[in-house]
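S.K.: Need a 3D model of the following:
(2 chains)
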Amino acid sequence: MELTSTKHNQRIHPHKFTLWIAIASICMMFAGLTSAYIVKSNQDNFLEISLPNYFWYSTIAIVLSSITIHLATKAFKARERNKYKLLISLTAFLGIVFASLQVMGFVNIENHGISLIGNNSNAAASFLLVIIGLHALHVLGGVIALLVMFILSFSQKIKSYNSIPIENVSIYWHFVDILWIYLLIFLIWIR
Amino acid sequence: MSNDTTLHASTDAAHNIHGEHHEHHHETFITKYIFSQDHKTISKQFLITGMVWAVIGGLMSVLFRLQLGFPDESFPWLEDLLGKWWAAGGHITAQGYYALVTIHGTVLIFFVLTAGLSGTFANLLIPLQIGARDMASPLLNMLSYWFFFIAGVIMLSSIFVETGPFSGGWTAYPPLSALGDASPGSKTGMDLWIISMALFVVSSLLSGLNYIATVLNMRTKGMSMTRLPLTIWSLFFTAIVGVLSFPVLLSGFILLIFDRNFGTSFYLSDIFLSATGTALPNEGGSAILFQHLFWFLGHPEVYIIVLPAMGIVSEILSIHSRKPIFGYIAMIGSLFAITVLSFIVWAHHMFVTGLNPFLGSLFTLFTLLIALPSAIKVFNWLTTLWRGSIRFTPSMLFAIGFVSVFISGGLTGLWLGNSALDIHLHDTYFNIAHFHLVMGVASIFAMFAGVYHWFPKMYGRRMNITLGYIHFWISIIGAYLIFWPMHYEGLAGMPRRYYDYSIWESFKQFSELNRFISIVVFITFSAQILFIINFFYSIWNGRKETSLNPYGATTLEWTTPIHPGHGNWVGEIPEVHRWAYDYSKDGNDFIPQTTPIGADEKNEH
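M.R.: Here you go, the predicted model:
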């Protein structure tokens, strides 16, 4: 079905545009959570938690993954298929490393005797779990998208040179990267 | 382009579209009617599901009005019908009553007036009126409906659990929503409520993304933004409001789930619970936090409900007055102003929560500012009607009815938006009367107007007009007779959500008035059944539509065949040369958007 005629070509692709609106929507969810965090941090009994170093290591992992997905997009456009496959697998791997480091960060917090959930938990710790946890889920969503791309790239029947899907995954990936850096600065700043 | 040629082509149209665009798959019953990706079918699915929920939600109001109007009488058949939990001894039980008001509110606000209204008309009109073959992503569109459907099934199933559905009010404030021990309805009922609502949020987000992307990217050649019909503008702003506010509700729900299931203290503090005789182990949580997150969606939500209604009404008033809409740009500007303001007024629902009075005055200011764009719109509707050649079809009557109830409900908004007056009026029947008129009745009227108006486009047949007139007059008279007296009850301080007012010395005086309201509710509800019968009868047996453009309208949906296939237009999508409101221009009754600008014609849009 010819949904877009030739004159539409200079316009932004509908799927890419939809992604941008979805990003705005995700931003609003985290805006809701972080403003709730600000309100809560001004009340009594808000525990001051210093972030474990794991969250710094994970930052390195996700920044590296942003570089690899950028290179993957370039490789796709240059039609270097093997390099492209390698780079998206590396990105997905870094995404999983990132999520694991976040989990280790939480284990570290628990080991210091601060419970994240349960009866004697403090809202400050629970907020860390909810905010960082939801962000990690969004990263894992990106990993799933990358896995789909990876499987598609092995398909022998259809050789697709359409760069829109990888560009979209790349935009999303950079977004969760920037979102993490924002959250990190936010969580250091406001306690 | 001439309508005649399309008319001749119309019988072959569906088949042609089939052949051209769907060679890769054969349409079975399932892909055509159930898991359809055609925006027109999805629109019908939303409409009919919305109608089922409207009947369920309406029936709930009939049941609790039975309790409010006749608190001392018993109706043994009620127990036979609903069972002991709901109506022991023929009385609606207290627990049943709270469950009824809660689910009535949830269902009508979210399932009927959000999904039913936006879902129906955005899906039907956006592609047809902007000149697109379908939505930007038909797959997401289909998923949006099915998420809504599953949300509905889960909500429906909560009615049948042993401890009853959630019964802490549609706003789901903690602690009633966060503590299973707080009330019977806070147990399984609340679990199902929150799962259902989370799925509903997903559905709204998927459809909102699609609407925005479609309006901005898929318009046909020549269809600039300022040539769009106002229906599309209003649905576009609705989608923006939804996409930006529903995620905040979701974040509030996530924290609520953690409090309910994982023992965190976002909303819960060390309150004493009489049901268990102990204090909670939680520390430092605040229920006000939930109210902020909830109302940050909750207020935009009422504009999600009323904006599409405004768009539908603008379109219908203009077509049936045979006049261009008055102040087209002012209409868009006021929609935009309402969209922006809707995000900064949420705390007017919280004036009595101990909110800082200085903040209160700010929120009062923003709230009262909404009166300006609303007044601009009302003025423009009235001036559109002024000296028009009005055709009083059922859809036109409902559109005028919308303007009427929007004015009478909107004026009381000025009272309630005032933080000082709100101290007296909050949580009273005054409030009930206000929001039922301005957003409940108004939006459902616009929905009726839209269904009567676009029925020929949806099903290729007409609805019965006489039944439509009866439906309208009972509905509008009923709406005023139900809600007008409630203003007086509220001014006298009668609180909402009480189970039985006859035991209160101060509210005994309203017994007869309450009975009167209840009787009107029963009559008005039966008129809605008339509409349902008319609707379903007309789908199969209504008068066949023979004209491509039955109302002499300018917009693109009337250039498609009477039964458009998936893809809407046979051959090329028409090009647009003018705005959507060239009625009674230069001696022409109407000039379709597809007609090029004449040599001696001014091109204003």
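S.K.: and the gap between residue B:58 and chain A?
M.R.: In this view, residue B:58 and chain A are 32 Å apart by C-beta to the nearest C-beta, to the nearest Å. To be clear about C-beta, it is placed using only N, CA and C from the backbone, and glycine gets the same treatment.
S.K.: what sits against that residue?
M.R.: Taking C-beta atoms under 8 Å, 6 or more residues apart in numbering or on different chains, we find residue B:58 in contact with B:108, B:525, B:528.
S.K.: Just among those residues, which is most surrounded?
M.R.: Among the contacts of residue B:58, residue B:108 has the most neighbours (other C-beta atoms under 10 Å in any protein chain shown), with 26 neighbours.
S.K.: re earlier: which ones among the contacts of residue B:58 lie within helices?
M.R.: Per DSSP state H, helices hold the following members of the contacts of residue B:58: B:525, B:528.
S.K.: Could you single out the nearest of the contacts of residue B:58 to chain A?
M.R.: Proximity of the contacts of residue B:58 to chain A (C-beta to the nearest C-beta) peaks at residue B:108, which lies at 24.8 Å.
S.K.: Excluding chain neighbours, give the residue nearest to that closest one in space.
M.R.: Spatial nearest neighbour of residue B:108, chain neighbours left out: residue B:57 (4.4 Å); criterion: C-beta to C-beta, 6 or more residues apart in numbering or on different chains.
S.K.: For residue B:294, list the residues it contacts.
M.R.: Per C-beta under 8 Å, 6+ apart, neighbours of residue B:294: B:171, B:172, B:173, B:249, B:252.
S.K.: Spit out the contact partners of the third one.
M.R.: By C-beta under 8 Å, 6+ apart, the residues touching residue B:173 are B:287, B:290, B:291, B:294.
S.K.: hmm, try it at 10 Å
M.R.: Counting by C-beta atoms under 10 Å, 6 or more residues apart in numbering or on different chains, residue B:173 makes contact with B:256, B:267, B:287, B:288, B:290, B:291, B:294.
S.K.: Which ones among those residues lie within helices?
M.R.: Per DSSP H, these map to helices at B:256, B:287, B:288, B:290, B:291, B:294.
S.K.: give me the number of residues near the residue found closest to residue B:461 once you drop the neighbours it is linked to in the chain?
M.R.: What sits nearest to residue B:461 in space, not counting adjacent residues and going by C-beta to C-beta, 6+ apart, is residue B:542, at 3.5 Å. Counted with other C-beta under 10 Å, the neighbours of residue B:542 add up to 19.
S.K.: How about residue A:110?
M.R.: 14.
S.K.: Not counting its neighbours along the chain, what's nearest it?
M.R.: Leaving aside its chain neighbours, residue A:110 sits nearest to residue A:116 (6.4 Å; criterion: C-beta to C-beta, 6+ apart).
S.K.: same check, this time on residue B:305
M.R.: residue B:113 (4.4 Å).
S.K.: From what I see, the one you found and residue B:307 are in contact.
M.R.: No - contact criterion C-beta atoms under 10 Å: residue B:113 and residue B:307 do not qualify, at 11.2 Å.
S.K.: Between the two, which contacts overlap?
M.R.: By C-beta under 10 Å, 6+ apart, the residues touching both residue B:113 and residue B:307 are residue B:443.
S.K.: that older thread, could you flag which of the ones in helices among the contacts of residue B:173 are buried?
M.R.: Buried residues within the ones in helices among the contacts of residue B:173, counting neighbours by 16 or more other C-beta atoms under 10 Å in any protein chain shown: B:256, B:287, B:288, B:290, B:291, B:294.
S.K.: so where do the helices sit in chain A?
M.R.: Ranges of helices in chain A, per DSSP H, are A:14-41, A:54-77, A:81-111, A:123-154, A:164-189.
S.K.: Mean pLDDT for these - can I get that in TSV?
M.R.: Formatted as TSV, the helices of chain A follow (pLDDT from 0 to 100):
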stretch	mean pLDDT
helix A:14-41	91
helix A:54-77	95
helix A:81-111	94
helix A:123-154	92
helix A:164-189	94
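S.K.: Who wins on neighbours among the contacts of residue B:294?
M.R.: Top of the contacts of residue B:294 by neighbour count (other C-beta under 10 Å): residue B:252, with 28 neighbours.
S.K.: so what pLDDT did that residue get?
M.R.: Predicted confidence (pLDDT) for residue B:252: 94.
S.K.: Okay, and it sits in which element?
M.R.: Assigned by DSSP states H and E, residue B:252 falls within helix B:230-262.
S.K.: for that helix, packing partners?
M.R.: Counting by 3 or more C-beta pairs under 10 Å, 6 or more residues apart in numbering or on different chains; DSSP states H and E, the packing neighbours recorded for helix B:230-262 are helix A:14-41, helix A:123-154, helix B:120-130, helix B:188-217, helix B:287-321, helix B:328-342.
S.K.: Can you say which of those helices is nearest to residue B:426?
M.R.: Smallest distance to residue B:426 across the helices and strands packed on helix B:230-262 (C-beta to C-beta): 12.8 Å, for helix B:287-321.
S.K.: what pLDDT, on average, does the closest one get?
M.R.: 95.
S.K.: What of stretch B:152-168?
M.R.: 94.
S.K.: which ones are touching the residue nearest to the spatial centre of chain B?
M.R.: Geometric centre of chain B, nearest residue: residue B:113, 1.9 Å, by C-alpha atoms, centre = their mean. For residue B:113, the contact set (C-beta under 10 Å, 6+ apart) comprises B:50, B:53-54, B:57, B:107, B:301-302, B:304-306, B:308-309, B:439-440, B:442-444, B:446-447.
S.K.: which secondary structure element contains residue B:584?
M.R.: Here residue B:584 is assigned to strand B:583-585, by DSSP H and E.
S.K.: Tell me how many other residues crowd residue A:151.
M.R.: Neighbour number of residue A:151 under other C-beta under 10 Å is 9.
S.K.: From chain B, how far out is it?
M.R.: The value you get for residue A:151 to chain B, if C-beta to the nearest C-beta is used, is 19 Å.
S.K.: quick one on the thing from earlier: could I get the buried residue list for the helix holding residue B:252?
M.R.: Neighbour-count burial for helix B:230-262 [16+ other C-beta under 10 Å]: B:230-260.
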